[in-house]
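Undergrad: sequence and computational prediction follow.
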Amino acid sequence: MKTTTKQMIELALASDETIEPTIREVIAGVLEGNLPEPPTQHDGTLLLTMTDAARVLGVSRVTLWRMVRTGAVKPVEIMPGIRRIRREDLHVLSANYA
């Protein structure tokens with residue numbers, strides 16, 4: 001990478017307060033040559049039914065629907081009226097509340 005390119009990225013990181021701290025750390029690490037760990041593979045499907053997503057979270061379907069209504073969980077509509085929850089979103093949600 002050219003020195004000027006690296007300096008421009010570092011300047012953007014320093015001046016843009018909207019960049020999340022974790023993203024900022026990853027970008028700074030990459031600039032230093034430290035690549036992040038590749039995402040781990042997990043067993044199971046990527047998109048879960050509402051019942052399966054509720055089971056993963058350990059809550060009832062009603063509670064999961066409340067979480068959808070408040071915006072804590074965002075379902076993916078794969079067809080009209082058919083919604084699924086991303087497994088990764090559940091992991092992020094549980095990590096944020098752990």
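TA: The structure has been received and is ready for your questions.

Undergrad: now do stretch 14-32, average pLDDT.
TA: Throughout stretch 14-32, pLDDT has a mean value of 87.

Undergrad: that one: end-to-end distance?
TA: This stretch, stretch 14-32, spans 15 Å end to end (C-alpha to C-alpha, to the nearest Å).

Undergrad: tell me which residues of that stretch come out buried.
TA: Of the residues in stretch 14-32, Ile27 count as buried by neighbour count, 16 or more other C-beta atoms under 10 Å. For every residue, glycine as well, the C-beta is placed using N, CA and C.

Undergrad: got it, and stretch 79-91?
TA: Arg83, Arg84, Ile85, Arg86, Arg87, Asp89, Leu90.

Undergrad: may I have it as CSV, with CA atoms only?
TA: Backbone C-alpha positions of stretch 79-91 (Å, rounded to 0.1, in the frame of the first residue of the first chain) are rendered in CSV as follows:
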residue,chain,number,x,y,z
MET,A,79,-41.1,-14.5,0.6
PRO,A,80,-44.3,-12.5,1.4
GLY,A,81,-45.3,-13.4,4.9
ILE,A,82,-42.4,-15.8,5.5
ARG,A,83,-39.8,-14.4,7.8
ARG,A,84,-36.5,-15.9,9.1
ILE,A,85,-34.0,-14.7,11.6
ARG,A,86,-30.2,-14.6,10.8
ARG,A,87,-28.3,-16.9,13.2
GLU,A,88,-25.5,-14.3,13.2
ASP,A,89,-27.9,-11.6,14.4
LEU,A,90,-28.8,-13.8,17.3
HIS,A,91,-25.1,-14.2,18.2
